[in-house]
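Colleague: could you work out the structure for the sequence below:
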Amino acid sequence: MISIIKGEVVSKTLDRATVLVGGLGLEFFATPNTLAALVPDTVATVQTYLVVREDSLTLYGFATASERDTFATLMQVKGIGPKLGLAALSVLSPEALAAAVANSDVTTLQSIPGVGKKSAERMILEIGDKLGGVPGAVAPAGTASGFNASTVVEALSNLGYNQALATEAVNAVQASDAPTALREALKYLGSKRG
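Modeller: Here you go, the predicted structure:
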């Protein structure tokens with residue numbers, strides 16, 4: 001894996017740049033924001049992600065490690081390839097993307113070129129909380145019923161549900177204790193999938 005390159009910026013176009021590293025010109029695709037920060041004939045450090053296919057090795061560059069890590073997470077979603085991953089990071093910052101996924105904000109995700117409603121919903125389901133938690137997306141610490149809702153949300157997260165969906169389920173059920181809340185939340189989540 002090539003995770004970082006440092007060298008002289010040799011050239012850049014609207015969608016890619018070339019950096020001279022140890023006598024080799026490494027070309028990578030990048031977002032407009034990343035490319036804007038690169039100045040020809042100066043030394044730059046770029047976070048990179050290498051996509052290996054049977055017929056190609058393609059490098060993608062990012063201004064920050066956070067952008068690169070978000071891109072790597074997007075590559076795990078079925079139907080999202082490198083071009084769509086770059087488009088997502090061209091429109092949304094890693095933090096805004098994490099917030100949209102955590103809050104199940106389909107409208108914001110649809111602002112990404114090439115992402116329709118089904119793709120946005122798939123992103124929410126498959127990425128879950130892999131992009132990190134977002135303040136305000138967690139259930140309240142306690143409820144009127146007397147159990148700690150955040151404990152039940154955490155249990156659901158440990159079972160593989162994203163935090164936003166787990167919070168929705170806990171808030172939707174009526175229970176007097178955590179075990180009952182967990183059982184009812186699982187039933188609720190099961191009914192949503194079916």
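
Colleague: where along the chain do the strands fall?
Modeller: 4-12, 16-21, 24-30, 43-53, 56-62 (DSSP state E).

Colleague: Leu186: which of the ones you listed is closest?
Modeller: strand 43-53 (35.9 Å; C-beta to C-beta). (Glycine included, C-beta is placed from N, CA and C.)

Colleague: chain center to the helix-or-strand element of the chain with minimal mean pLDDT: distance?
Modeller: Here the helix or strand of the chain ranked lowest by mean pLDDT, DSSP states H and E is helix 149-158, holding a mean of 75. Put simply, helix 149-158 sits 21 Å off its chain's centre (C-alpha atoms, centre = their mean, to the nearest Å).

Colleague: okay, buried residues for that helix please.
Modeller: By 16 or more other C-beta atoms under 10 Å, the buried positions in helix 149-158 come out as 149-153, 155-157.

Colleague: for stretch 123-130, same thing?
Modeller: Neighbour-count burial for stretch 123-130 flags 123-124, 126-130 (criterion: 16+ other C-beta under 10 Å).

Colleague: now, the most widely separated pair of these?
Modeller: Met123 and Asp129 (12.5 Å).

Colleague: now the common contact residues for the two.
Modeller: Contact criterion C-beta atoms under 8 Å, 6 or more residues apart in numbering; residues shared by Met123 and Asp129: Val101.

Colleague: dump the residue contacts of the residue lying closest to Ser11 once chain neighbours are set aside.
Modeller: Spatially, and ignoring its direct neighbours in sequence, Ser11 is nearest to Thr18 (4.9 Å; C-beta to C-beta, 6 or more residues apart in numbering). For Thr18, the contacting residues are 9-12, 25-28, taking C-beta under 8 Å, 6+ apart as the criterion.
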